[in-house]
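Asks: Need a 3D model of the following:
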Amino acid sequence: MKRWLSTVAAAGIVAAGLGMSAPAAADQGRPGSDDLERWAADTWASLDAMTDESAGLPSDNVTGDLETVGAYTSPTNIGGYLWSTVTARDLGIIDAAEAHERMATTLDTLEVLERNDASGMYYNWYDPSTGVKLTTWPDSGDPVHPFLSTVDNGWLAASLRIVREAEPALADQADALYESMDFSAFFNPEGAPGLPAGTNRGGFWEVAPPGCSVEAPMYNGSGETAFYTCHHYDTTVSESRIATYLGIANGEIPATALYGTHRTMPPGCDWAWQEQLPTGAYRTYDGFEVWEGAYTYAGMSFVPSWGGSMFEALMPDLLVPETKWGPRSWRVNHPITVAVQKHHGLEEAGYGAWGFSPASNPFGGYAEYGVDLAGMRSDGYTSDVEKTDVDIDRPGCTEGTNPDPEFGDGVVTPHASFLALPYDREGVLANLRHLEDDLGAYGPGGFYDAIAVGSGTVAERYLSLDQSMIMAAIGNELTGDTLKRYFVDKEMEKRLRPAMSAQVFSSEWRAHE
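Replies: Numbering: from 1, shown residues only. Next comes the predicted model:
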């Protein structure tokens, strides 16, 4: 596969020959900036290696030597590649002409990809070299039941907002694609059981799939029938909130959708299956009573995610100014989430490193990693290869079966650490240098996807999603949140910010007594 110039050396050639602007200077001179610039350039090399030049579509993954790419891609992968291209341009890794060509190629392909006519949404899997919708899984030959994913379409749509602002010559094309995507197709106004407001389902199929689905008229009033997932995206601290934000910003779903998700599951023994019994209080917003629950850990009180991973908590924060618009919610919760992850890795489990999120399994395949006690799911995303499940007492309800375990071979995921940059830059830089210098978790495309720190076993491959999160995190850190400025417009702020500002989480640095 022919590749565009992407390495540090190639970037130097482009700069000399084409007058490329210097890297953005917002962060220059601060300790660690040189490392961040180097890591960004190498991370971009992996995304370059994954991307088909003719279609402009990135593969889902590439091997650690940057030679063998996967045979499938998703809307999230495509979206991440687009904002990474903008970031590479803004950091001076590639020049403006190359960035324009890359984005134009991708947008041209997006215009012709097969989509769901009634919603304008994209299917979850395509061939990255031909753009053909997958109906057979490339690796196994198993059937693929084409699915329209709420969160995956959210990340693609988010990238189109960025492109239309970052590259004016492509604004009309990016905006037309964005406007064609109707997020009301995912929004169930009746909401999930036990919640006061409507919320999104996980997505839908056009044809009944094997297993559970709910047949219903499409929520956008198109008159078509969809087979929706049986589950809703009903957890507040979830990467899926990007789709909720977009639906609100577009005027397609009401701002009250922010109240249709669980901060924690409700208190009491009827919900004692959840990881902890929460503390908190009921608060009323626009007539909707919301349980503002929180979990406790190491002297901190916070709103948990479903699995206890950094990705769930902080990926939307790459694009949405959550801490600015949510001063009594996200501004408090995000730094505590980072502190919880750091405490678990360095103190509780004693791994000597931290940052836990779904990623490649160093011993093969893919796995979900997180801080078990920081997630609502009772059997948790665990932080080690041994899948050590922490099960604490739920006073008055159940007695814990494994409240103070010994942890095994912890799996650290570098992208999770990069997500924490706005909240603990010094700690993040120290952690990443340790992974690179002491544990060998670094290759030609930047940080490998995961490392089991006890055994030193490295997952020597790169995932498009994880690399694009790293690019966004570094880009924001070095340029002063440029991606957020591209993403947000006055209409989004008008529709979304008041509802976010009203929310009051039960998060605080000192645990409830």
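Asks: Now the element after whichever strand or helix holds A416, going C-ward?
Replies: In this assignment (DSSP states H and E), A416 forms part of helix 414-419. Sequence-wise, the next helix or strand downstream of helix 414-419 (DSSP H and E) is helix 425-437.
Asks: Now do that following helix: which elements does it pack against?
Replies: helix 33-50, helix 414-419, strand 446-447 (3 or more Cβ pairs under 8 Å, 6 or more residues apart in numbering; DSSP states H and E). Glycine gets a C-beta too; all of them are placed from N, C-alpha and C.
Asks: Mind giving me the packing neighbours of the shortest one?
Replies: Helices and strands touching strand 446-447, as assessed by 3+ Cβ pairs under 8 Å, 6+ apart, comprise helix 33-50, helix 425-437, helix 464-479.
Asks: about what we covered before: which strands and helices lie in contact with the helix holding A416?
Replies: helix 310-314, helix 425-437, helix 464-479.
Asks: Compare the helices and strands packed on strand 446-447 and give me the one nearest E206.
Replies: helix 464-479 (24.8 Å; Cβ to Cβ).
Asks: For D60, see how far away the spatially most central residue of the chain is.
Replies: With the centre of the chain defined as its mean C-alpha position, the nearest residue by Cα atoms, centre = their mean is M315, 3.8 Å away. Noted for M315: a distance of 17 Å to D60, by Cβ to Cβ, to the nearest Å.
Asks: Over to H343?
Replies: H343 sits 32 Å away from D60, going by Cβ to Cβ.
Asks: and after the biggest strand by length in the chain, which helix or strand comes next?
Replies: If you go by DSSP state E, the chain has its longest strand at strand 288-297. Scanning forward in sequence from strand 288-297 by DSSP H and E, the next helix or strand is strand 300-302.
Asks: any idea how far that following strand is from the chain center?
Replies: Here the centre of strand 300-302 is set off from its chain's centre by 22 Å, with Cα atoms, centre = their mean, to the nearest Å.
Asks: just stretch 248-265 next, same as before
Replies: 18 Å.
Asks: List the buried residues of it.
Replies: 248-250, 252-265 (16 or more other Cβ atoms under 10 Å).
Asks: Send me that stretch as PDB with only the CA atoms.
Replies: Extracted C-alpha coordinates of stretch 248-265, given in PDB (Å, rounded to 0.1, in the frame of the first residue of the first chain):
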ATOM      1  CA  ILE A 248     -29.300  18.200  21.500                       C
ATOM      2  CA  ALA A 249     -27.100  20.600  19.500                       C
ATOM      3  CA  ASN A 250     -29.000  19.800  16.300                       C
ATOM      4  CA  GLY A 251     -32.400  20.300  17.900                       C
ATOM      5  CA  GLU A 252     -33.200  16.700  17.100                       C
ATOM      6  CA  ILE A 253     -33.700  15.500  20.700                       C
ATOM      7  CA  PRO A 254     -34.500  17.500  23.900                       C
ATOM      8  CA  ALA A 255     -31.900  18.700  26.300                       C
ATOM      9  CA  THR A 256     -33.800  16.700  29.000                       C
ATOM     10  CA  ALA A 257     -32.000  13.700  27.500                       C
ATOM     11  CA  LEU A 258     -29.200  14.600  30.000                       C
ATOM     12  CA  TYR A 259     -31.600  13.500  32.700                       C
ATOM     13  CA  GLY A 260     -32.400  10.200  31.100                       C
ATOM     14  CA  THR A 261     -29.200   8.400  32.300                       C
ATOM     15  CA  HIS A 262     -28.000   6.900  35.500                       C
ATOM     16  CA  ARG A 263     -25.300   8.600  37.500                       C
ATOM     17  CA  THR A 264     -25.300   5.400  39.500                       C
ATOM     18  CA  MET A 265     -28.000   2.900  39.800                       C
END
